[in-house]
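>>> Provide a 3D model corresponding to the input given below.
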Amino acid sequence: MLDGVCFSLNSVVHLGPAECNVCDAAGGQGACLGRGMPTSLLPPDAPSFLDELLHRYRGLKDGELVDYIPQLAEVDPDRFAIAVATVEGDVLAVGDTQHEFTLQSVSKPFTYGLALTLAGREAVRRKIDVEPTGDPFNSLVELEDGNHRPYNPMVNSGAIAATGIVHEHLGEHTREWLQSAFAAYAGRTLPVDESLIANELDTGHRNRAIAHLLKHFGILAGSVDEVLDLYTAQCATMVNTVDLAWMGATLAHGGVHPRTGERAIDTALVHDLVTLMFTCGMYDSAGRWAFEVGLPAKSGVSGGVLAVVPGRMGIAAYSPRLARGGHSVRGMKVLRDMSLRWGLSVIAW
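Prediction:
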């Protein structure tokens with residue numbers, strides 16, 4: 001359990017190690033700073049600023065719930081949470097911090113990391129390129145052009161190809177390894193929404209078309225059905241906002257979880273993941289995101305957004321109303337404001 005200080009919306013509550021489970025004592029609505037007061041990595045105004053952001057954007061109703069996954073179209077659109085985890089092991093969270101949601105496309109960098117670990121950079125690059133794209137995340141266009149490789153592992157075609165590479169190496173053990181990898185980044189075993197898997201497989205016709213094209217062009221070696229089952233399961237992995245912040249902090253810490261000390265990925269490969277999150281993670285909004293926010297990031301259609309500040313922290317936000325490009329409206333605004341206020345952009349000076 002966390003041993004630190006809980007900044008609730010109305011008061012400061014001092015908690016012992018057995019009392020704070022990411023602010024259960026504050027009803028999941030406070031701001032929890034584990035393991036003591038802010039360090040140099042967590043700005044002194046962090047607790048008050050996160051509360052300010054929560055209040056600033058809670059009334060924002062722009063955006064729509066995703067409509068092509070029936071189960072996600074029925075979630076509470078007003079859920080909202082923000083979390084920050086530092087490489088020194090501190091965590092701060094406000095809002096609906098205990099609410100769990102599925103990773104969806106936020107899973108893509110972590111699966112790509114496992115593919116790199118198993119197959120090596122050269123073998124992976126033969127099947128998945130590293131170029132940004134101005135096309136939507138579920139486009140099939142690049143598979144008909146040139147060498148038929150997906151542009152990058154952050155779009156659906158590249159992500160399905162990455163899952164295929166993992167399956168090529170691990171076979172029937174693939175799902176177990178994927179969940180183990182996600183657990184190493186998050187610092188705990190993560191549940192999977194089994195009902196959502198069936199829901200997405202029933203409606204995921206475009207992903208099925210992508211997978212068949214990948215198979216046709218020799219990018220996908222295994223069974224289309226098996227790879228799609230695994231890809232859908234990774235997307236249905238459930239996290240809360242604090243878990244997501246820890247996953248970002250693990251990348252920011254060179255692949256080692258700041259609290260558990262477990263290595264999730266080799267430090268040399270973190271470069272690949274974080275670079276592609278910066279250039280491709282926000283799809284056809286990546287250029288604007290780099291210009292306005294300047295952080296490696298990845299979003300998912302469930303409403304989660306993750307950003308990495310190398311050497312400092314992981315930042316996560318959750319709000320399920322999406323902008324046209326499939327990114328959380330509130331989440332994007334929160335990360336933009338945090339980057340500007342705290343000077344987090346990786347190209348700032």
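
>>> any idea how far residue 217 is from the residue lying closest to residue 320 once chain neighbours are set aside?
Nearest residue to residue 320, sequence neighbours excluded (C-beta to C-beta, 6 or more residues apart in numbering): residue 303, at 3.4 Å. The C-beta positions use only the backbone N, C-alpha and C, and glycine is treated the same way. From residue 303 across to residue 217, the span is 33 Å (C-beta to C-beta, to the nearest Å).

>>> what's the answer for residue 187, then?
38 Å.

>>> quick one: which of those two has more around it?
residue 187 (21 against 14; other C-beta atoms under 10 Å).

>>> The more buried one is in contact with residue 259, isn't it?
Yes: if you go by C-beta atoms under 8 Å, residue 187 and residue 259 touch, sitting 5.5 Å apart.

>>> what do those two both touch?
With contacts defined as C-beta atoms under 8 Å, 6 or more residues apart in numbering, the residues shared by residue 187 and residue 259 are residue 246.

>>> contacting residues for the residue nearest to residue 320?
So, once contact is read as C-beta under 8 Å, 6+ apart, residue 303 ends up touching 75, 79, 101, 318-322, 328, 331.

>>> ok, now with 6 Å
318-320, 328 (C-beta atoms under 6 Å, 6 or more residues apart in numbering).

>>> and if you look at residue 320?
65, 75, 77, 303.

>>> number of nearby residues for the residue lying closest to the first one once chain neighbours are set aside?
Pointing back at residue 65 there. Spatial nearest neighbour of residue 65, chain neighbours left out: residue 73 (5.2 Å); criterion: C-beta to C-beta, 6+ apart. Residue 73: 13 surrounding residues under other C-beta under 10 Å.

>>> Distance-wise, check residue 73 relative to residue 150.
Taking C-beta to C-beta, one finds residue 73 at 27 Å from residue 150.

>>> and if you look at residue 222?
16 Å.

>>> out of those two, which sits in the busier spot?
residue 150 (27 against 18).

>>> How about the contacts made by the more buried one?
128, 157-158, 161.

>>> Please apply the same query to residue 178.
Per C-beta under 6 Å, 6+ apart, neighbours of residue 178: residue 234.

>>> same thing but 10 Å
If you count contacts by C-beta atoms under 10 Å, 6 or more residues apart in numbering, residue 178 has them with 107, 110-111, 114, 163, 166-167, 170, 192, 230-231, 233-234, 237.

>>> what pLDDT does it get?
pLDDT, residue 178: 97.

>>> And residue 245, by the same measure?
Value for residue 245, per-residue pLDDT: 98.

>>> Okay, it and residue 332: tell me how far apart.
Relative to residue 332, and taking C-beta to C-beta, residue 245 is found at 16 Å.

>>> these two touch, right, residue 216 and residue 140?
No: when contacts are counted by C-beta atoms under 10 Å, residue 216 is not listed as touching residue 140 (11.4 Å).

>>> Between those two, tell me which one has more neighbours.
Comparing residue 216 with residue 140 by other C-beta under 10 Å, the one with more neighbours is residue 140, at 16 against 12.

>>> where exactly do the helices run in the stretch 51-200 of the chain?
Along the stretch 51-200 of the chain, counting by DSSP state H, counting those that start in this stretch, helices occupy 108-119, 121-125, 156-170, 174-186, 194-203.

>>> Tell me which of the ones you listed sits most buried.
helix 156-170 (a mean of 26; mean count of other C-beta atoms under 10 Å).

>>> got a list of what residue 235 touches?
Applying C-beta under 10 Å, 6+ apart, the residues near residue 235 are 69, 102-108, 111, 156, 159, 163, 192-193, 196-197, 200, 204, 207, 300-302.

>>> wait, residue 137 sits on residue 66?
No: between residue 137 and residue 66 there is no contact under C-beta under 10 Å: 12.0 Å.

>>> Pull up the overlap in contacts between these two.
Common neighbours of residue 137 and residue 66 (C-beta under 10 Å, 6+ apart) are 301, 326.

>>> Between those two, tell me which one has more neighbours.
residue 137 (22 against 19).

>>> Return the distance of residue 264 relative to residue 110.
8 Å.

>>> shared neighbours, these two?
Contacts common to residue 264 and residue 110, judged by C-beta under 10 Å, 6+ apart, are 181-182, 184-186, 247, 250-251.
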